[in-house]
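Student: Quick one: sequence plus predicted model below, questions after.
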Amino acid sequence: MGKRILIISHNPFSDYNNMGKTLSNLFCSFNDKDIAQLYFSPQNPNVKLGCKFYKITDMDMLKSCFGLKKYGGVVKPNNEEVLDDKPASIKEKLYALGSKKIPIVYLLRDAIWRQKAWFSESLKKWINDFDPKIIFYASGDSGFSFKIAMKISDEMNIPLVTYFCDDFYFYSKPSISPFYYIYKSKIRKKIENTIKASLDLVFISNLMQQEYYTTFKNHGHVVMTPSAKILDKPIAVNNSPLVLSFIGNIVMRTDSLIQIGNIIEKINIKNEKINFNIYTNTSDMKLIKEIKSCRGIQYKGSLDFDGVRKEILNSDVILHVESFKTNLISRTKHSISTKIPESLGLGRCIFAYGPSELASIKYIDQQDAGFVCTHQKDLESVLLKIIENESLRKEYMIKGLKLASINHKGSVNSQKIKTILNKSIKEDTE
């Protein structure tokens, strides 16, 4: 048996959730028997089924407020397909409510988790029986999980390494709600305390690592999101008309998607040169209505894991897009979407549209790994270039695969995580 790791995260290992997929790929080279995962969403894992799992949900904590002693428990995982049209359970609805980016909800959720009920004898026994040598904490935007990671690390004397794949410290927005500023103050304090308590840090992008180093003087390490699959060579597609696909969350991106749709409608007036397909699991009917109202967009609904891979491979170009709205730029500044390494690894040509200061746009631009447009005024000319320049599309497919092999190979990035954790275990025992 190797050095055992306790992963603390909001989501379990899975192939249906971005964080679940990221964690699965980051730990793909680890033996399942050396991993235990404590998580807080109502879903169950459907990959890496040989690991140990313990789940505590918002519903468990809410019940404990009323004296109903239910503090979570051991999970027996399954590999059943997660269906998007399956009715959400009460636990899932409560988790979705708790995950909404509403300050008062965040504060109420943290208040429910503030009680010590989650740190039950059952959980302590489960951790002690597994006997982890280190904790890998995948941070989120809820304060309670930071506190849980620090408490388990401190009280059970287990060294802590913290992973940041999104920025919740520097991002701020104008708000008339006093609850927002209370929330920001609390989450920043928890992040500061967690960084102090961590033996090491892991970041998803160079930009995030640089900004955190400037503030906290902790270098940490950059380990980019791995791709689940990297092809040996691109698979050619020659759709007529050309197929441009966006696959992912349309929240905070609707404005940019509609800008592209409007230009495509204009380009296709005389003859159809390009189809713009959008696939999303988003259930916000207002946003879906906006997307459907744009005649340059074909709304295609949701996809399962296999469907995502199939549509990426069936598309000539995959779109990565971010909003140009000032209040959203700082929200997405440091992160790199999981769809970028996934698309690069499958040998697709990428079109990145968004502000130049964002890590995801900057990454594709600096690596010359796809078409990039950073100003709305240039959108039509870039789209025409994509349509007309087949040789450049093929060149970007080859460059993208090469970049995926360098920065997003699962076995390589998983080994980087293993090296970081082993170093921290060694430092803790010296």
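Tutor: It's in.
Student: Could you pull up phi and psi at the closest residue to Met150 other than its chain neighbours?
Tutor: In space, and not counting its chain neighbours, Met150 is closest to Ala197: 5.2 Å by CB to CB, 6 or more residues apart in numbering. C-betas here are computed from N, CA, C, even on glycine. Backbone torsions for Ala197, taken as degrees, to the nearest 10, come to phi -80, psi -10.
Student: Now do the contacts for Ala197.
Tutor: 150, 153-154, 160 (CB atoms under 8 Å, 6 or more residues apart in numbering).
Student: can you rerun that using 7 Å?
Tutor: Neighbouring residues of Ala197 by CB atoms under 7 Å, 6 or more residues apart in numbering: 150, 153, 160.
Student: which SS state does the first one fall under?
Tutor: To tie it back to what came earlier, the one meant is Met150. Counting by DSSP: H, G, I helix; E, B strand; the rest coil, the backbone at Met150 sits in helix.
Student: Pretty sure it sits against Asn193.
Tutor: Yes. Using CB atoms under 7 Å, Met150 is in contact with Asn193, at 6.5 Å.
Student: Looking only at neighbour counts, state which of the two leads.
Tutor: Between Met150 and Asn193, counting by other CB atoms under 10 Å, Met150 is the more crowded of the two (20 against 13).
Student: quick one, domains of the protein?
Tutor: 5-226+409-429, 242-407 (automatic domain parsing).
Student: ok now stretch 325-337, how far from the chain's centre?
Tutor: On the basis of CA atoms, centre = their mean, to the nearest Å, stretch 325-337 sits 13 Å off its chain's mean C-alpha point.
Student: Run through who's touching it.
Tutor: With contact meaning CB under 7 Å, 6+ apart, stretch 325-337 is reached by 165-167, 171-174, 204-205, 207-208, 211, 224-225, 248, 252, 255, 320, 322, 355, 357-360, 363.
Student: Would you map the strands across the stretch 251-400 of the chain?
Tutor: Along the stretch 251-400 of the chain, the stretches classed as strands by DSSP state E, counting those that start in this stretch are 274-279, 298-301, 317-321, 349-353, 370-373.
Student: residues in contact with the last one?
Tutor: It stands for strand 370-373. If you take CB under 7 Å, 6+ apart as the criterion, strand 370-373 is touched by 349-353, 361, 364-365, 379, 382, 385-386, 396, 400.
Student: farthest-separated two in these?
Tutor: The span of the contacts of strand 370-373, defined through CB to CB, is set by Leu379 and Gly400 at 21.2 Å.
Student: Neighbour count: those two, which is higher?
Tutor: Neighbours were counted for Leu379 and for Gly400 using other CB under 10 Å; Gly400 has more, 28 against 18.
Student: out of everything not next to it in sequence, what's closest to the more buried one?
Tutor: In space, and not counting its chain neighbours, Gly400 is closest to Leu344: 4.2 Å by CB to CB, 6+ apart.
Student: would you list every one of the strands in the stretch 51-200 of the chain?
Tutor: 52-55, 73-74, 134-138, 160-164, 200-203.
Student: For Lys273, find the nearest of these.
Tutor: strand 200-203 (40.3 Å).
Student: immediately after that closest one, which helix or strand?
Tutor: Next helix or strand after strand 200-203 toward the C-terminus (DSSP states H and E): helix 206-216.
Student: Give me the angle between that following helix and strand 160-164.
Tutor: 130 degrees (axes from the mean of the first three to the mean of the last three CA atoms, to 10 degrees).
Student: Show the pLDDT at the residue nearest to Gly400.
Tutor: Note for Leu344: predicted pLDDT of 96.
Student: contacting residues around it?
Tutor: Listed by CB under 7 Å, 6+ apart, the contact set of Leu344 reads 227, 350, 369, 400-401, 403-404, 408.
Student: Let's have these in TSV, adding distance to Ser64.
Tutor: Below are the contacts of Leu344 laid out as TSV (distance: CB to CB, whole Å):
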residue	distance to Ser64
Ser227	40
Ile350	47
Ala369	49
Gly400	49
Leu401	50
Leu403	48
Ala404	45
His408	41
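Student: Would you quantify the distance from the closest residue to Met397 other than its chain neighbours to Gly345?
Tutor: The shortest distance from Met397 to any non-neighbouring residue, by CB to CB, 6+ apart, is to Pro234 (4.1 Å). Per CB to CB, to the nearest Å, Pro234 is found 11 Å from Gly345.
Student: Which of these two has more residues huddled nearby?
Tutor: Gly345 (24 against 18).
Student: Give the buried residues for stretch 309-318.
Tutor: Residues of stretch 309-318 classed as buried by neighbour count (16 or more other CB atoms under 10 Å): 309, 311-313, 315-318.
Student: And for stretch 49-61?
Tutor: Quick answer for stretch 49-61 (16+ other CB under 10 Å): 51-61.
Student: shaky segments in the chain?
Tutor: By pLDDT under 70, the weakly predicted segments of the chain are 1-2, 67-70, 78-101, 430.
Student: which residues does the residue lying closest to Phe203 once chain neighbours are set aside contact?
Tutor: Of all residues not flanking Phe203 in the chain, Gln209 sits nearest, at 4.1 Å (CB to CB, 6+ apart). Contact analysis of Gln209 by CB under 7 Å, 6+ apart lists 203, 220, 222.
Student: In these, which residue is surrounded by the most others?
Tutor: Sorting the contacts of Gln209 by how many neighbours each has (other CB under 10 Å) puts Phe203 first, at 24 neighbours.
Student: mind checking how far that residue is from Thr162?
Tutor: For Phe203, the distance to Thr162 - CB to CB - is 10 Å.
Student: ok, Leu383 - contacts?
Tutor: Each residue near Leu383 by CB under 7 Å, 6+ apart is listed here: 263-264, 267.
Student: hmm, try it at 10 Å
Tutor: Leu383 makes contacts with 242, 244, 260, 263-264, 266-267, 273-274, 276, 317, 351, 353, 371, 373, as judged by CB atoms under 10 Å, 6 or more residues apart in numbering.
Student: Show me which of the residues you listed are buried.
Tutor: Burial by neighbour count, 16+ other CB under 10 Å: within these this picks out 242, 244, 260, 263-264, 267, 273-274, 276, 317, 351, 353, 371, 373.
Student: can you redo the residues you listed as JSON lines with distance to Pro42?
Tutor: Shown next, in JSON lines, are the buried ones among the contacts of Leu383 (distance: CB to CB, whole Å):
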{"residue": "Leu242", "distance to Pro42": "41"}
{"residue": "Leu244", "distance to Pro42": "35"}
{"residue": "Ile260", "distance to Pro42": "35"}
{"residue": "Ile263", "distance to Pro42": "41"}
{"residue": "Ile264", "distance to Pro42": "39"}
{"residue": "Ile267", "distance to Pro42": "44"}
{"residue": "Lys273", "distance to Pro42": "45"}
{"residue": "Ile274", "distance to Pro42": "40"}
{"residue": "Phe276", "distance to Pro42": "35"}
{"residue": "Val317", "distance to Pro42": "36"}
{"residue": "Phe351", "distance to Pro42": "36"}
{"residue": "Tyr353", "distance to Pro42": "35"}
{"residue": "Phe371", "distance to Pro42": "40"}
{"residue": "Cys373", "distance to Pro42": "39"}
